[in-house]
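Enquirer: fold the following for me, if possible:
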Amino acid sequence: MISGFSVFLNKFAVASFPNSDLFTASKNFLIGLFFLFVALSFGRLVVLKNLSSKDWLKLFVFGLLGGTVPFILFFRGLSLTDASSAGLIQKTMFIFVALVGWYFLKEKFSKWQLFALAVLGFGNYLLLGAKNLSFGLGEILILLAVLFWSAEFILIKKLLPNFSVETLLFSRMFLGGVVLLGYNFLTGTLFLLPKVQASGWFWLIITAGLLLAYVSFWYRAMKYLPAGTVAAILTLASPLTTCLNYGFGSAVFRWQTFGAFVLMTFAVVFLLKKEEKINVEC
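Expert: Here you go, the predicted structure:
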């Protein structure tokens, strides 16, 4: 639900900033400062001090992969397309996560779970509609971001046994935010920061709060569920973004959107029921 609202609102938030890269860097760095404050205030600084140079290298690569490159790609693409298409492409991530999870994490799906994933894919297709299946530069950039975020799912699973959720979030948001600010400095967009108006700062705080909630729930969910299942649940954000675009955007309502929402909800509930049965049997 947070993701569905966030994708829709970010379309307006990006427009309030002079540059999408500057918006991304400012938002991520703001959240990174929050997790730095958490580390300094709740005794977790000792944990960071005790990390080896090899651990810091892992965290830096993790922050670069999950908190830097895909954000630049996604928000640059979002500025070139509509929120509905962006949300839809982002939520095809469950397909890539399921594939890499199967290959790298040895996650297995029953035939019924594969059926549920296929229904999710069909629901996404209904949500967009065949006549709107154009693929421009904006969509390509968002798809590349999705591929990076799919790899991040695998890294989270690999790193969680050795790092806390808070440490990984600090890496993704703070270290990634610092790199993003450096990128903006090199490209010259950082000097546009004084031109941001009050409305831009308002949108920055709102969307930063949403992203903070999103990553916190997402990373914690990864402790309890397979990566493919978590990614599948996130697909429910697509119909929510689309409905918001109908209500407050320029899109025209289509009944097939309602059908897509029903199908996708059924698929996710079915997938979770099967996951629950597997956990009980284990």
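Enquirer: got any ranges where the chain has weak pLDDT?
Expert: For the chain, the stretches with pLDDT under 70 are 42-45, 83-84, 87, 128-134, 247, 249-254, 274-282.
Enquirer: try 50
Expert: Within the chain, the stretches with pLDDT under 50 are 130, 280-282.
Enquirer: spatially central residue in it, please.
Expert: Nearest to the mean C-alpha position of the chain, by CA atoms, centre = their mean, lies Trp149 at 6.8 Å.
Enquirer: and it, how far is that from Leu22?
Expert: When CB to CB, to the nearest Å is the yardstick, Trp149 and Leu22 sit 21 Å from each other. (Glycine included, C-beta is placed from N, CA and C.)
Enquirer: same thing with Ala98?
Expert: Counting by CB to CB, the gap from Ala98 to Leu22 is 34 Å.
Enquirer: grab the longest helix from this protein for me.
Expert: Assignment by DSSP state H gives helix 255-281 as the longest helix of the chain.
Enquirer: buried residues, it. List them.
Expert: Thr257, Ala260, Phe261, Leu263, Met264, Ala267, Val268, Phe270, Leu271, Leu272, Lys274, Glu275 (16 or more other CB atoms under 10 Å).
Enquirer: number of nearby residues for the residue lying closest to the fifth one once chain neighbours are set aside?
Expert: With CB to CB, 6 or more residues apart in numbering as the criterion, Met264 has its nearest non-adjacent residue at 3.8 Å, and that residue is Gly123. Applying other CB atoms under 10 Å, we find 26 residues neighbouring Gly123.
Enquirer: now Phe74
Expert: As a burial measure, Phe74 scores 25 neighbours (other CB under 10 Å).
Enquirer: so it makes contact with Ile142?
Expert: Yes: counting by CB atoms under 8 Å, Phe74 touches Ile142, with 5.7 Å between them.
Enquirer: between the two, which contacts overlap?
Expert: Residues touching both Phe74 and Ile142 by CB atoms under 8 Å, 6 or more residues apart in numbering: Ala86, Gln90.
Enquirer: sorry, back to before: roughly how far does the residue nearest to Met264 sit from Leu99?
Expert: Distance, Gly123 to Leu99, using CB to CB: 19 Å.
Enquirer: what's the angle between whichever helix or strand the residue nearest to Met264 is part of and helix 255-281?
Expert: For Gly123, the host element (DSSP states H and E) is helix 111-128. For helix 111-128 against helix 255-281, the angle by axes from the mean of the first three to the mean of the last three CA atoms, to 10 degrees is 160 degrees.
Enquirer: who touches helix 111-128?
Expert: For helix 111-128, the external contacting residues (CB under 8 Å, 6+ apart) are 84-85, 88, 91-92, 94-95, 98, 109, 228, 232, 235, 238-239, 242, 256-257, 259-261, 263-264, 266-268, 270-271, 274-275.
Enquirer: distance between the helix or strand following that helix and the chain's centre?
Expert: Following helix 111-128 in sequence order, the next helix or strand is helix 137-159 (DSSP H and E). Mean-position distance between helix 137-159 and its chain equals 8 Å (CA atoms, centre = their mean, to the nearest Å).
Enquirer: count of residues packed around Ile206?
Expert: A count of nearby residues for Ile206, using other CB under 10 Å, gives 17.
Enquirer: redo the buried residues of helix 255-281 as CSV? Include distance to Phe191.
Expert: CSV is the format used below for those (distance: CB to CB, whole Å):
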residue, distance to Phe191
Thr257, 42
Ala260, 44
Phe261, 44
Leu263, 48
Met264, 44
Ala267, 47
Val268, 45
Phe270, 52
Leu271, 48
Leu272, 48
Lys274, 53
Glu275, 49
